[in-house]
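> predicted coordinates and the sequence they were generated for:
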Amino acid sequence: MSKHPIDATDQKILSFLVKNARMPFLEIARECGVSGAAIHQRVKKMEAMGVITGSRLLVKPQTLGLNVCAFVGIQLAQANQYPTVIEALKSISEVVECHFVTGKYALWLKLYCRDHDHLMEVLIDIIRNIPSVIQTETLISLDQAIERQVWVKQ
């Protein structure tokens, strides 16, 4: 992935949008000392460059009864089975992140479940039944101490 040059104003705009994607462009313009049209133009430019890839709502999983956050390391029988396993994992709604990583595990997942019984069901009945998955290790999160978007220099 290539690096795109952005100036100090773009960085300032990004810092506001990372904190609050719904912040009005006119408010950002006042903070940056430029026009609302300039903010709109700069955001469109950063979208075109791929610096900004969208915005989204954040939902607190616990408010939906998803009280267990777990991280699962997966060992594969063969690394070349990665694409097939990823396709299977995409169909599991509890899986919210999947990373292809170095080290003991080929894949590292983040998932949310209602409770420990639900987690055990997902692990044993679904994930462990995916062809090429030979071993898993699960870590349960006790607390999320930091939650943020990528750091943007201001």
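Structure's in. What do you need?
> show me what contacts the closest residue to Arg22 other than its chain neighbours?
By the measure of CB to CB, 6 or more residues apart in numbering, the closest residue to Arg22 outside its immediate chain neighbours is Ser55, 7.8 Å from it. The C-beta positions use only the backbone N, C-alpha and C, and glycine is treated the same way. Neighbouring residues of Ser55 by CB atoms under 8 Å, 6 or more residues apart in numbering: 17, 21-22.
> out of the residues you listed, grab the one that's most surrounded.
Counting neighbours by other CB atoms under 10 Å, Leu17 leads those with 20 neighbours.
> now that residue: phi and psi?
The phi/psi pair for Leu17 (degrees, to the nearest 10) reads phi -70, psi -30.
> dump the residue contacts of it.
Taking CB under 8 Å, 6+ apart, we find Leu17 in contact with 23, 28, 43, 52, 55.
> can you list the buried residues in the host helix or strand of the second one?
Under the assignment given by DSSP states H and E, the secondary-structure element containing Ile28 is helix 25-32. Applying a neighbour-count criterion of 16 or more other CB atoms under 10 Å, the buried positions in helix 25-32 are 25, 28-29, 32.
> quick one: residues contacting Tyr112.
Tyr112 neighbours (CB under 8 Å, 6+ apart): 61, 66, 68-70, 94, 96.
> likewise for Lys104?
73, 75.
> returning to that earlier point: filter the contacts of Leu17 down to the ones in helices?
Among the contacts of Leu17, DSSP state H puts 28, 43 in helices.
> I'd like the contacts of Leu17 as TSV, with pLDDT appended.
Output for these, formatted as TSV (pLDDT from 0 to 100):
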residue	pLDDT
Met23	93
Ile28	96
Val43	95
Ile52	93
Ser55	83
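> quick one: which of the contacts of Leu17 is nearest Gly103?
Ile52 (31.3 Å; CB to CB).
> what's around the closest one, how many residues?
So Ile52, with other CB under 10 Å, has 19 neighbours.
> touching, it and Lys45? I think so.
No - counting by CB atoms under 8 Å, Ile52 does not reach Lys45; the two are 9.3 Å apart.
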